[in-house]
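Student: when you get a sec, could you give me coordinates for this:
(one chain, ligands or ions: 1)
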Amino acid sequence: MTEKVVLAYSGGLDTSVAIRWLQEKYNLKVITLTVDIGNVPDLEAIRQKALKIGAIKAIVVDAKETFVKSFVFPALQADAVYEGQYPLATALGRPLIAQLLVQAARKERAGLVAHGCTGKGNDQVRIDVGVGALAPDLKVIAPAREWRMSREQTIEYARAHNIPVPVTKASPYSIDENLWGRSIECGVLEDTWNEPPEDAFLWTKSAEKAPAKPAYLEIGFEKGIPVSLNGRRLQPVVLIQKIHSLAGKHGIGRIDHVENRLVGIKSREVYEAPAATVLLRAHQALEDLVLTKDQLRFKAIVAAEYAELIYNGLWFSSMRRDLAAYVESTQKYVTGTIRVKLFKGNCQIVGRRSPYSLYDYSLATYDKGDAFDQTASPGFIHIWGLPVRTQARVQPEQGK
Ligand code: ARG
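Tutor: Model prediction:
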């Protein structure tokens, strides 16, 4: 009896070829799974295409809300940004795809899953490790890692097997996109000296072409989760989409990063992440107001670790869950409103308020109403500086 495989299917050339290749090479019955985590143009057309090519069943899942609630928002609460630059859009999408592949395989009684990742990137690691964490008994096949076909050969294979080849000129870039961001690689970007050309960008205007007048936006948070825009409560997906278009219009969220891949390669990656850029900045600004100095200092260390885990494909791991528990606990009072100004590529925090703000005007002010007891400072400084003065007396050279 032929076995079944569930293939993560985007509708693109590689995964379309993979349907036939899995049938021919491994004699498998192919079930496709198309996951919408933002910006999938036409799910039904993709479903029909899979069936036409020869899939025995084509499943489509709208996972936008799950993606935002279970992956994007925890990462936002953690302030997870890889190497200080990349908001991890692609990296957050992969564990969800792994999870949905496993669920589909169980439901369809398939012993294998497959995906279209190549052997050079991080994405293969994220899906393989994710599937392994959730269902160690399932076998994973990555056709594009095995078949050793160039792009031309893949197109030839498609033509020979009556698989529709996109008629439009193929994009010179390799693109992955979801609600949290758009990843752009390959082509002229592979030369680190080249400025990313305008055609690499789809979601963001250049600063030059952005409106001459700024836009202001008030983002409301509850326990570290964005819940409203300009006073209106919005569903998570809608909230992200609204910030996405407004920030994109103002040229916010272009990122140009020479990044360290898990597989050891340095690679030049360009991103568009308008909503992520605004929300991460606003969330951090609110934390500045409501968390203590020690919480902020330690949370930054956790943020960097958390980002490493996400990037390195360890979403489903005890370490990530442990860090998530810490992050969750820090978000108890991260409630309030942040006002941002969007202007010519800049996202500036211009206002913040919270019922839990630790900012105390009477302590901070230099005007009248000052409640800070300046007479207490000399005693504090006397003890704070005690070890320094002691050392200066005994070891005069050490303190200088
Ligand atoms: N470098 C990014 C990451 O590892 C983006 C990968 C984008 N994938 C793609 N197929 N273009 O998360």
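
Student: in the stretch 201-350 of the chain, what residue spans correspond to strands?
Tutor: 215-222, 225-229, 232-233, 254-260, 266-272, 336-343, 346-353 (DSSP state E, counting those that start in this stretch).

Student: list the contacts of the shortest one.
Tutor: I take that to be strand 232-233. 220, 227 (Cβ atoms under 8 Å, 6 or more residues apart in numbering). Quick note: C-beta positions are derived from backbone N, CA and C, even for glycine.

Student: count the neighbours of residue 373 for me.
Tutor: Close neighbours of residue 373, defined as other Cβ atoms under 10 Å, add up to 8.

Student: output stretch 58-75 as CSV, nothing but the C-alphas.
Tutor: The C-alpha atoms that make up stretch 58-75 are tabulated as CSV, following Å, rounded to 0.1, in the frame of the first residue of the first chain:
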residue,chain,number,x,y,z
ALA,A,58,-5.5,19.7,-0.8
ILE,A,59,-6.0,21.3,2.6
VAL,A,60,-5.9,25.0,3.3
VAL,A,61,-5.8,26.6,6.7
ASP,A,62,-6.3,30.2,7.7
ALA,A,63,-3.9,30.3,10.6
LYS,A,64,-3.5,34.1,10.8
GLU,A,65,-5.1,34.5,14.2
THR,A,66,-3.2,31.5,15.7
PHE,A,67,0.0,32.9,14.2
VAL,A,68,-0.5,36.3,15.8
LYS,A,69,-1.8,35.1,19.2
SER,A,70,0.5,32.1,19.8
PHE,A,71,3.7,33.1,18.1
VAL,A,72,3.9,36.8,17.2
PHE,A,73,2.5,38.3,20.5
PRO,A,74,4.7,36.1,22.8
ALA,A,75,7.7,37.2,20.7
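
Student: and that stretch, what's buried?
Tutor: Buried residues in stretch 58-75, counted by 16 or more other Cβ atoms under 10 Å: 58-61, 63-64, 66-68, 71-75.

Student: contact residues of the stretch 51-200 of the chain facing the ligand?
Tutor: Within the stretch 51-200 of the chain, the positions adjacent to the ligand are 90-91, 122-123, 174-176, 183, 185 by Cβ under 6 Å from any ligand atom.

Student: quick check on those: which are buried?
Tutor: Among those, those classed as buried by 16+ other Cβ under 10 Å are 90-91, 122-123, 176, 183, 185.

Student: could you work out the most separated pair of those?
Tutor: Using Cβ to Cβ, those span at most 13.5 Å, a distance reached by 91 and 185.

Student: how about the residue of the stretch 301-400 of the chain found nearest the ligand: what's its closest non-neighbour residue?
Tutor: At 6.6 Å from the ligand, residue 311 is the closest residue in the stretch 301-400 of the chain, using Cβ to the nearest ligand atom. Distance criterion Cβ to Cβ, 6 or more residues apart in numbering; nearest residue to residue 311, sequence neighbours excluded, is residue 82 at 4.6 Å.

Student: ok, the one you found - how many residues close by?
Tutor: That count, for residue 82 with other Cβ under 10 Å as the rule, works out to 21.

Student: and the helices in the stretch 1-150 of the chain?
Tutor: 13-26, 43-53, 64-66, 73-78, 89-108, 123-134, 143-146 (DSSP state H, counting those that start in this stretch).

Student: of all the residues of the stretch 51-200 of the chain next to the ligand, which comes closest to residue 273?
Tutor: Ranked by distance to residue 273 (Cβ to Cβ), those are led by residue 183 at 9.1 Å.
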